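>>> based on what follows, work out the 3D shape:
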Amino acid sequence: MAVFDEYAKDYEKGYEGTVNISGFGTDHFYEYKVKEIRRVLSEKKHKMPLTILDFGCGVGNVDPYIRKYFPDSKICAMDVSAESINVAKEKYGELGITYAAVDENGIENPFGMLFDLVFVSCVFHHIPKEGHAGTLSFLRSCMAPDALLFVFEHNPYNPATRMIFNKHDKPIDKNANMIYPRYIKKLMRSSGLRVEALNYTVFFPKRLGLFMPLERLMVAIPFGAQYYVMAKAAP
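Purely as a prediction, here's the structure:
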């Protein structure tokens, strides 16, 4: 995707001011997602190591955390922006992550394997609505038996998140649209996936960090800044 190619080398700069409102740096938001997935899988006593797909990886900023929390796993990452993939390879190639650029008009699995865990971080709001069902069907086709899919998105029910999202004028967000969790759940079911959980996250800014342990008790409250839907391939 040409617009992502153009901004690949300074992708983070356009978002620093936005996320800093929370008091956290951008790395915090990359890490918390992977840390949450690891927590969930540990509670489920999911088998390790895993084969992991980072779909829509961009410049790969979440991948060091995938390697940190899943050190022995096979990690693959893909994106429609070839320039973003080049940047990811330069930055994180030494981590043993396999990267691939794919054609947005006909995405195929370039890795020759199925995955135990598919991770999608704030990608769907960049995909035109007419491409959502096809994207989820593709992700379903990449999943091994008993695999889990985690889709993270910004929460449109959170007024502050909606305000920030709508005010952002970075060109790559020009045609982005917030994704409602009920919509994602419906699409997942129609794509042969069974929704296992819908959890809301990121309730407190850094200055209220003392209360962050409470967030695990608040996952059903639809006011977190972000949310994720976890799904499994339906039998």
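>>> who's in contact with residue 218?
200, 203, 224 (CB atoms under 8 Å, 6 or more residues apart in numbering). In this view, the C-beta of every residue, glycine as well, is placed from N, C-alpha and C.
>>> I figured the second one hits residue 227, correct?
Meaning residue 203. No - taking CB atoms under 8 Å as the definition, residue 203 is not a contact partner of residue 227, at 11.1 Å.
>>> and the next helix or strand past the helix ranked longest in the chain?
Looking across the chain with DSSP state H, the single longest helix is helix 26-44. Along the chain past helix 26-44, the next helix or strand (assigned with DSSP states H and E) turns out to be strand 51-55.
>>> helices or strands next to that following strand in the packing?
For strand 51-55, the elements it packs on are helix 63-69, strand 74-79, strand 115-121, judged by 3 or more CB pairs under 8 Å, 6 or more residues apart in numbering; DSSP states H and E.
>>> could the ones you listed go into JSON lines alongside mean neighbour count and mean pLDDT?
JSON lines is the format used below for the helices and strands packed on strand 51-55 (neighbours: other CB atoms under 10 Å; pLDDT from 0 to 100):
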{"stretch": "helix 63-69", "mean neighbour count": "19", "mean pLDDT": "97"}
{"stretch": "strand 74-79", "mean neighbour count": "22", "mean pLDDT": "97"}
{"stretch": "strand 115-121", "mean neighbour count": "23", "mean pLDDT": "97"}
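>>> you'd agree residue 147 is in a helix?
No - Residue 147 is assigned strand when assessed by DSSP: H, G, I helix; E, B strand; the rest coil, not a helix.
>>> now it: how far from residue 231?
10 Å (CB to CB, to the nearest Å).
>>> and these two? which has more neighbours close in?
Shown here are residue 147 and residue 231; by other CB atoms under 10 Å, residue 231 has more neighbours (28 against 23).
>>> just to revisit the earlier point, higher neighbour count, residue 203 and residue 227?
Neighbour totals were compared for residue 203 and residue 227, and residue 227 leads with 26 against 18 (other CB under 10 Å).
>>> give the contact list for the residue most central in space within the chain.
Centroid-nearest residue in the chain: residue 121, 1.1 Å away (criterion: CA atoms, centre = their mean). Neighbouring residues of residue 121 by CB under 8 Å, 6+ apart: 30, 33, 54, 56, 62, 152.
>>> who's it bridged to?
residue 152 (DSSP bridges).
>>> measure it to residue 150 for me?
8 Å.
>>> pull up the overlap in contacts between the two.
Common neighbours of residue 121 and residue 150, using CB under 8 Å, 6+ apart, are residue 33.
>>> please consider this matter closed, and thank you.
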